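Peer 1: Let's see this in three dimensions:
(one chain, ligands or ions: 2)
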Amino acid sequence: MSVALIILGAGKGTRMNSELPKVVHPIAGAPMLVHAMRAGATLDPAHTVIVAGHGADTVTKVTHAYDDEAKIVLQNEQLGTGHAVLQAADALAGFEGKVIVMYGDTPFVKPETLEAMIAAKADVVVLGFEPADAGRYGRLVTNGASLERIVEFKDATDTERAITLCNSGVICCAAPLLFELLNKVTNDNASGEYYLTDVIGLARTAGHTATVVTCSEAETLGINSRAELAAADALFQAAARLALLDDGVTLVAPDTVYLSLDTLIGRDTIIEPNVVFGPDVTVESGATIRAFSHLEGCHVSRGSIVGPYARLRPGAELSENVRVGNFVEIKNATIAEGAKVNHLSYIGDASIGERSNIGAGTITCNYDGVMKHHTEIGADVFIGSNTMLVAPVTIGNRAMTGSGSVITSDVGPEALALSRAPQIEKPGMAQKLFDMLQAKKAGMSRSS
Ligand code: UD1
Ligand code: MG
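Peer 2: Ligands and ions are numbered 1, 2, ... in the order given. Model (predicted):
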């Protein structure tokens with residue numbers, strides 16, 4: 001059975017107090033909309049339709065960065081959840097499979113919950129939950145296993161408000177039936193909105209079946225403010241850290257490690273305290289990421305040791321048994337097996353060959369103010385401390401550079417390149433200088 005996803009993300013999110021539309025605010029390095037898309041993607045949907053409104057350009061950009069085949073439909077005026085879903089009708093014309101409607105601001109719905117909804121035997125399936133405080137959620141009016149209708153809090157009687165089973169907003173229904181029912185929904189209610197929730201009562205009246213699948217309150221957590229965004233991120237982090245520990249990763253101080261939605265870390269890797277994993281990081285098994293390192297868009301292979309205080313930026317590719325030490329920044333560079341960049345260096349737009357050693361304070365001068373250039377370092381090279389490698393430049397295998405050199409042209413294999421003023425020595429000169437300076441100091445203190 002093929003499935004389509006409709007994710008609602010047209011709302012402004014006034015309480016976020018932001019220039020950005022709510023659904024693009026990030027949790028664990030990924031827009032909250034992407035969390036919902038990712039859960040939905042596990043159903044292998046034939047279509048994904050995002051309903052955008054406020055900040056539609058930004059929503060489109062974020063959507064397509066994750067899935068360039070997802071369709072964006074516009075809801076120019078936010079006339080209610082039912083109206084929002086109806087905007088997807090044209091995009092799904094001719095589609096006869098099941099539709100799952102999700103909210104872009106509800107990031108934690110689990111794939112297995114969506115699968116249970118697809119598998120449930122009823123024409124319309126609603127995801128319900130029993131919150132600690134039912135507050136202003138829509139209430140699910142049931143009769144045994146049958147869901148009869150959903151009543152919005154504003155429209156509910158006191159008896160209906162006493163119902164504890166609430167609507168999460170996620171709903172599953174065959175596309176033709178969903179749109180047929182939505183076309184009958186009116187805005188004759190306390191909010192003057194077209195409610196998606198009205199399709200349940202309409203379905204039952206027309207003789208269709210409806211039921212509820214339930215999940216925990218944590219899964220349906222919705223985000224409306226920055227405080228809720230931070231709380232949701234904390235929940236995500238707690239769960240992601242536990243998952244890593246279960247997968248055999250050592251987190252020395254789990255609460256201090258920040259993870260992204262897509263962070264992948266192999267077994268027996270050790271993560272020391274205060275490490276930040278930005279988006280798109282993979283670390284293979286048996287690596288060590290030492291304290292206070294910051295990684296994003298990079299790959300660390302088996303047995304490598306990074307940090308403390310290292311920064312790996314997008315395009316940093318570390319092969320096996322590489323060492324990257326303190327105060328080293330690496331960007332868009334491949335470091336081959338066994339190579340070392342141990343102290344105070346910047347390696348950008350470069351490749352470093354096997355077993356090469358990059359001395360302390362080495363800088364690849366990759367930017368000329370207008371363009372970026374590449375530095376190529378061969379295998380078994382020794383770059384002396386404080387070498388400036390002015391790119392584009394190539395250093396051959398087994399070559400050396402003298403410390404303090406500014407290397408502006410290619411160095412052949414096995415050559416030593418030096419570019420610094422020769423050392424001169426003046427015997428006795430230091431003592432003369434000391435005597436002169438001490439006499440001067442004594443004269444100054446007498447006259448004061
Ligand atoms: C909705 C449900 C309610 C449920 C609650 C769960 C309806 C009528 N009510 O209420 O039963 O308990 O969610 O959180 O569906 N949106 C649009 N366009 C619109 C309106 C909303 O895209 O015109 C989007 C919002 O951006 C949001 C989602 O739909 O992501 C839900 O809208 P919201 O206004 O928060 O609905 P609630 O009143 O909370
Ligand atoms: Mg809401």
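Peer 1: Around ligand 1, pick out the residues from the protein.
Peer 2: 8-11, 51, 75, 78-81, 83-84, 103-105, 137-138, 150, 152, 166-169, 195-197, 222 (CB under 6 Å from any ligand atom). C-beta: built from backbone N, CA, C; applies to glycine.
Peer 1: Looking at the residues you listed, which are in strands?
Peer 2: Within the residues of the chain next to ligand 1, residues falling in strands by DSSP state E are Leu8, Gly9, Val51, Tyr103, Ile150, Cys166, Asn167, Ser168, Gly169.
Peer 1: Measure how buried the residue nearest to the last one when sequence neighbours are not counted is and give me the count.
Peer 2: With sequence-adjacent residues excluded and distances taken as CB to CB, 6 or more residues apart in numbering, Gly169 is closest to Tyr103, at 5.0 Å. The tally of other residues near Tyr103 (other CB atoms under 10 Å) stands at 23.
Peer 1: Dig out what Tyr103 forms beta bridges with.
Peer 2: Leu8 (DSSP bridges).
Peer 1: just checking, what packs against the helix ranked longest in the chain?
Peer 2: In the chain, with assignment by DSSP state H, the single longest helix is helix 226-246. Packing contacts for helix 226-246, counted by 3 or more CB pairs under 8 Å, 6 or more residues apart in numbering; DSSP states H and E, involve strand 26-27, strand 250-251.
Peer 1: Please work out which of the ones you listed is packed deepest.
Peer 2: Across the helices and strands packed on helix 226-246, averaging neighbours per residue (mean count of other CB atoms under 10 Å) puts strand 26-27 on top, at a mean of 20.
Peer 1: Can you tell me the strand partners of it and which way each runs?
Peer 2: In the sheet, strand 26-27 lines up against strand 30-31 (antiparallel) (DSSP bridges).
Peer 1: Give me the contact list for the partner strand.
Peer 2: By CB atoms under 8 Å, 6 or more residues apart in numbering, the residues outside strand 30-31 that reach it are Val23, Val24, His25, Arg38, Val62, Tyr66, Ser260, Leu261, Asp262, Pro279.
Peer 1: contacts for the host helix or strand of Ala116?
Peer 2: Assigned by DSSP states H and E, Ala116 belongs to helix 111-119. By CB under 8 Å, 6+ apart, the list of residues contacting helix 111-119 from outside reads 1, 3, 39-40, 42-43, 98, 100, 125, 127, 170, 172, 213, 215, 219.
Peer 1: In the stretch 301-448 of the chain, what residue comes closest to ligand 1?
Peer 2: Closest residue of the stretch 301-448 of the chain to ligand 1, CB to the nearest ligand atom: Pro314 (30.9 Å).
Peer 1: Can you spell out the domain ranges of the chain, please?
Peer 2: Listed domain ranges for the chain are 3-220, 249-417 (source: automatic domain parsing).
Peer 1: gap between the first one and the chain center?
Peer 2: In terms of CA atoms, centre = their mean, to the nearest Å, the gap separating the centre of domain 3-220 from the centre of its chain is 24 Å.
Peer 1: now the end-to-end length of that domain.
Peer 2: 21 Å (CA to CA, to the nearest Å).
Peer 1: ditto for stretch 208-221
Peer 2: 29 Å.
Peer 1: Go through the contacts of helix 111-119 and flag which are in helices.
Peer 2: Members of the contacts of helix 111-119 lying in helices (criterion: DSSP H): Ala39, Gly40.
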